[in-house]
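Q: Attaching a predicted model along with its sequence, questions to come.
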Amino acid sequence: MFIDSPFFVTCNCHAIDICATAAYRRATMKELFRTTDPLRMTRAIDLLDDQGVRAFAFDQHMSVLEGSIGILPQRLMVADRDHFIATAILRDAGLDE
């Protein structure tokens, strides 16, 4: 039996993950910046997404563990291979630190 889906291919009871972000899970990640400003983070992710660069916000929910006071910064991460272009995009938009 062969089942094809966006997340798994199952053939003979073996599942192989072919998720679109599988390459990013294996890629080395680099930090672009840290911020406690959720608007800056959202704007940066949207700008990068418009240019075809996948960006990930790390530590989004860490402040919940500290009482939701927002003192712990979020990190914006991209794959190592996208770091140079992502830095240029954010610099052009005035979102670099």
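A: Arrived safely, thanks for sending.
Q: can you map out the helices along the protein?
A: Remark: helices of the chain, listed N- to C-terminal, are 22-26, 38-50, 62-65, 83-93; assignment by DSSP state H.
Q: out of the ones you listed, which comes closest to Leu76?
A: With C-beta to C-beta as the measure, helix 38-50 is the member of the helices of the chain nearest Leu76 (5.6 Å). C-beta coordinates here come from the backbone N, C-alpha and C atoms, glycine included.
Q: what is the orientation angle of that closest one with helix 83-93?
A: Helix 38-50 runs at 120 degrees relative to helix 83-93, counting by axes from the mean of the first three to the mean of the last three C-alpha atoms, to 10 degrees.
Q: Only the buried residues of helix 38-50, if you could.
A: Buried residues in helix 38-50, counted by 16 or more other C-beta atoms under 10 Å: Arg40, Met41, Ala44, Ile45, Leu47, Leu48.
Q: helices and strands around that helix, which ones?
A: strand 29-35, strand 55-58, strand 74-79, helix 83-93 (3 or more C-beta pairs under 8 Å, 6 or more residues apart in numbering; DSSP states H and E).
Q: So what are the sheet partners of the third one and their directions?
A: Sheet pairing here is set by DSSP bridges, and for strand 74-79 it gives strand 29-35 (antiparallel), strand 55-58 (antiparallel).
Q: Tell me how many other residues surround the closest residue to Leu32 other than its chain neighbours.
A: The spatial neighbour of Leu32 that comes closest, neighbours along the chain excluded (C-beta to C-beta, 6 or more residues apart in numbering), is Leu76 at 4.5 Å. Taking other C-beta atoms under 10 Å as the criterion, the count of residues near Leu76 is 23.
Q: Same question for Asp82.
A: Each residue near Asp82 was counted by other C-beta under 10 Å, and the total is 22.
Q: mind putting the helices of the chain in TSV, mean pLDDT and distance to Leu32 included?
A: Converted to TSV, those look like this (pLDDT from 0 to 100; distance: least, C-beta to C-beta, whole Å):
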stretch	mean pLDDT	distance to Leu32
helix 22-26	56	15
helix 38-50	94	7
helix 62-65	68	18
helix 83-93	95	6
